[in-house]
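Trainee: got a predicted model here, sequence first, then my questions.
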Amino acid sequence: MGSQWSQFFPPKPTFTEADLASLDGKVVIITGGSSGIGLELAKILYRKNARIYIATRSEEKARKAIQDIQASGTTGGSVEFLPLKLDDLSSIKASVEEFKAKETKLHILWNNAGVSQPPQGSVSSQGIELQFATNCLGPFAFTQLLLPLLESTAADEATPRGSVRVVWTSSQVMELSSPTDGIIIDELRTPPKDRTRNYTNSKTGNYFLATELARRAGSSSIVSVSTNPGAASTNLFRHTPHLRYLAYPLLHKPQLAALTELYAGLSPDITIEKNGSYILPWGRISNNLREDLLNAARTTEEGGSGKAQEFWELCVEKTKDYL
């Protein structure tokens with residue numbers, strides 16, 4: 001319980017903007033970077049001269065966010081809008097092609113965007129339960145299509161080993177509410193009429209995608225980690241305003257949660273040897289994640305349950321026609 005308590009009330013951050021050298025030459029994508037945690041992360045990176053792409057569905061909101069980012073400080077970096085609809089698999093390849101037409105490298109991908117507990121029955125453009133689609137399938141497809149660029153960036157002699165990263169946004173609800181081994185796969189094929197359970201499944205799925213990508217792409221020197229960024233007051237609560245009220249004493253400013261994602265993407269603590277780690281607020285590597293979740297991240301050949309591998313293969317099945 002001590003680990004859970006420390007996530008509700010985290011210790012002071014140890015890795016902040018002050019610890020960052022210039023990010024000149026670094027190309028990054030932040031999905032959902034037009035508000036909340038992603039916006040605060042973008043402000044930090046902008047002040048450190050990164051080349052940032054805000055990937056989101058609303059150009060109007062992205063343009064407003066870009067103005068806010070540019071007003072946050074002087075810089076030699078840049079920030080641009082990249083259209084991305086994670087709930088429409090048929091549109092994601094075009095987004096990736098637009099990015100590749102502008103850039104030949106990608107150093108860090110923050111899969112930050114997500115949706116929480118939309119109205120019961122909400123589905124994606126492909127008719128898939130919206131939280132599974134937006135939080136898992138869209139980011140999975142986006143990452144798979146960007147993987148060759150990530151691999152070529154990691155292979156460049158000028159790129160420090162372990163600095164090319166993919167960060168997946170999970171949640172503490174995974175540890176608090178998921179069943180043994182994390183996910184019952186059949187619930188993804190036939191979702192229960194339980195918005196909270198479907199959200200928990202999607203956030204456990206983000207952890208599985210992180211560990212499985214680490215296992216599959218680690219030999220390419222790509223680091224893949226997941227985070228519980230911390231409970232922050234953001235528009236993630238737009239479908240559940242009562243929860244924002246009930247959880248108010250536990251909610252923190254999004255600027256703090258952005259430091260969790262900053263740590264995940266840029267801290268030197270996270271080496272190739274730490275690939276697949278789960279990052280806690282406000283920037284710590286978890287050392288006591290639930291044992292059944294650790295076991296689920298191992299393949300059956302490694303003595304685990306193979307649940308993460310099974311989840312990955314389900315994502316392949318659901319997205320194969322769009323990659």
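Mentor: Structure's in. What do you need? Bear in mind the structure is a predicted one, so any value in this text is a computation, not a measurement.
Trainee: give me the neighbour count for Val28.
Mentor: Val28: 24 surrounding residues under other Cβ atoms under 10 Å. C-beta here means a position set from N, CA and C on the backbone, and glycine is covered the same way.
Trainee: which of the three states applies to it?
Mentor: Secondary structure state of Val28, per DSSP: H, G, I helix; E, B strand; the rest coil, is strand.
Trainee: ok, it - contacts?
Mentor: Taking Cβ atoms under 8 Å, 6 or more residues apart in numbering as the contact definition, Val28 lies against Leu45, Ala50, Arg51, Ile52, Tyr53, Leu106, His107, Ile108, Leu109, Trp110, Gly265.
Trainee: measure Phe9 to Ala231 for me?
Mentor: 10 Å (Cβ to Cβ, to the nearest Å).
Trainee: circling back: filter the contacts of Val28 down to the buried ones.
Mentor: Burial by neighbour count, 16 or more other Cβ atoms under 10 Å: within the contacts of Val28 this picks out Leu45, Ala50, Arg51, Ile52, Tyr53, Leu106, His107, Ile108, Leu109, Trp110, Gly265.
Trainee: with only the CA atoms kept, save the helix or strand harbouring the fifth one in CSV.
Mentor: Secondary-structure assignment from DSSP states H and E places Tyr53 in strand 51-56. What follows is strand 51-56, C-alpha atoms only, in CSV (Å, rounded to 0.1, in the frame of the first residue of the first chain):
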residue,chain,number,x,y,z
ARG,A,51,11.3,20.8,-32.6
ILE,A,52,7.8,19.8,-31.4
TYR,A,53,4.8,18.4,-33.2
ILE,A,54,1.4,18.8,-31.4
ALA,A,55,-0.6,15.8,-32.7
THR,A,56,-4.3,16.3,-32.1
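Trainee: contacting residues around that strand?
Mentor: Counting by Cβ under 8 Å, 6+ apart, strand 51-56 makes contact with 25-34, 38, 42, 45-46, 62, 65-66, 69, 77-84, 95, 99, 103, 113, 142, all of which sit outside it.
Trainee: just the ones of the residues you listed in helices?
Mentor: Counted as lying in helices by DSSP state H, out of the contacts of strand 51-56, are Gly38, Ala42, Leu45, Tyr46, Ala62, Ala65, Ile66, Ile69, Ser95, Phe99, Phe142.
Trainee: my guess is the second one contacts Gly77, does it?
Mentor: Looking back up the chat, that one is Ala42. No: applying Cβ atoms under 8 Å, one finds Ala42 not in contact with Gly77, separated by 10.0 Å.
Trainee: when the two are compared, which one has more neighbours?
Mentor: With neighbours defined as other Cβ under 10 Å, Ala42 and Gly77 compare such that Ala42 has more, 27 against 22.
Trainee: ok, the more buried one to Leu149 distance?
Mentor: Taking Cβ to Cβ as the measure, Ala42 falls 20 Å from Leu149.
Trainee: next: Lys12.
Mentor: Taking Cβ to Cβ as the measure, Lys12 falls 36 Å from Leu149.
Trainee: please apply the same query to Glu157.
Mentor: Distance, Glu157 to Leu149, by Cβ to Cβ: 17 Å.
Trainee: in the stretch 151-300 of the chain, which spans are helices?
Mentor: Secondary structure of the stretch 151-300 of the chain (DSSP state H, counting those that start in this stretch): helices at 173-177, 186-189, 195-217, 241-246, 254-266, 291-296.
Trainee: which stretch among those comes nearest Asp19?
Mentor: helix 254-266 (8.7 Å; Cβ to Cβ).
Trainee: where in the chain is pLDDT low?
Mentor: 1-2, 232-252 (pLDDT under 70).
Trainee: tell me the centre residue of it?
Mentor: Geometric centre of the chain, nearest residue: Trp168, 2.5 Å, by Cα atoms, centre = their mean.
Trainee: okay, and the beta partners of it?
Mentor: Beta-bridge pairing for Trp168 (DSSP bridges): Asn111, Ser226.
Trainee: wait, it touches Ser224, no?
Mentor: Yes: counting by Cβ under 8 Å, Trp168 touches Ser224, with 7.2 Å between them.
Trainee: shared neighbours of those two, anything?
Mentor: Common neighbours of Trp168 and Ser224 (Cβ under 8 Å, 6+ apart) are Leu209, Ala210.
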